[in-house]
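Engineer: heads up, no residue letters with this:
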């Protein structure tokens with residue numbers, strides 16, 4: 001009976017650990033952020049880096065547009081949202 005209780009406890013805690021790992025997977029990688037910015041298929045990436053701004057991890061992507069302008073995009077690494 002004790003073994004059964006230990007096994008059930010182990011399974012309960014293992015499920016909790018998996019849920020925490022899923023939260024980490026939800027983060028947006030630098031490559032994913034870059035692909036999001038390039039979804040129009042016409043711009044070209046000049047540079048990309050991960051930085052910490054105001055305590056948050058942010059992906060900064062420098063892009064050359066088809067009309068020759070250089071734009072900087074900031075992507076929140078937690079949510080994938082574009083930051084102004």
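Structural biologist: Noted; the coordinates are in hand. Given the structure is predicted, the values throughout are model-derived calculations rather than measurements.

Engineer: quick one: low-confidence parts of the protein?
Structural biologist: Residue ranges of the chain with pLDDT under 70: 1-26.

Engineer: can you give me the strands for it?
Structural biologist: Residue ranges of the strands in the chain, as given by DSSP state E, are 44-53, 56-64, 70-76, 82-83.

Engineer: any idea which of these is most buried?
Structural biologist: Each of these was given a mean neighbour count from mean count of other C-beta atoms under 10 Å, and the largest, a mean of 17, is that of strand 56-64. (Each C-beta comes from the backbone N, C-alpha and C, glycine too.)

Engineer: and the angle for that one with strand 44-53?
Structural biologist: 160 degrees (axes from the mean of the first three to the mean of the last three C-alpha atoms, to 10 degrees).

Engineer: elements contacting strand 56-64?
Structural biologist: Using 3 or more C-beta pairs under 8 Å, 6 or more residues apart in numbering; DSSP states H and E as the contact test, the elements touching strand 56-64 are helix 30-37, strand 44-53, strand 70-76.

Engineer: what about residue 67, how many neighbours?
Structural biologist: By the measure other C-beta atoms under 10 Å, the count of residues near residue 67 is 6.

Engineer: right, I'll call it a day here.
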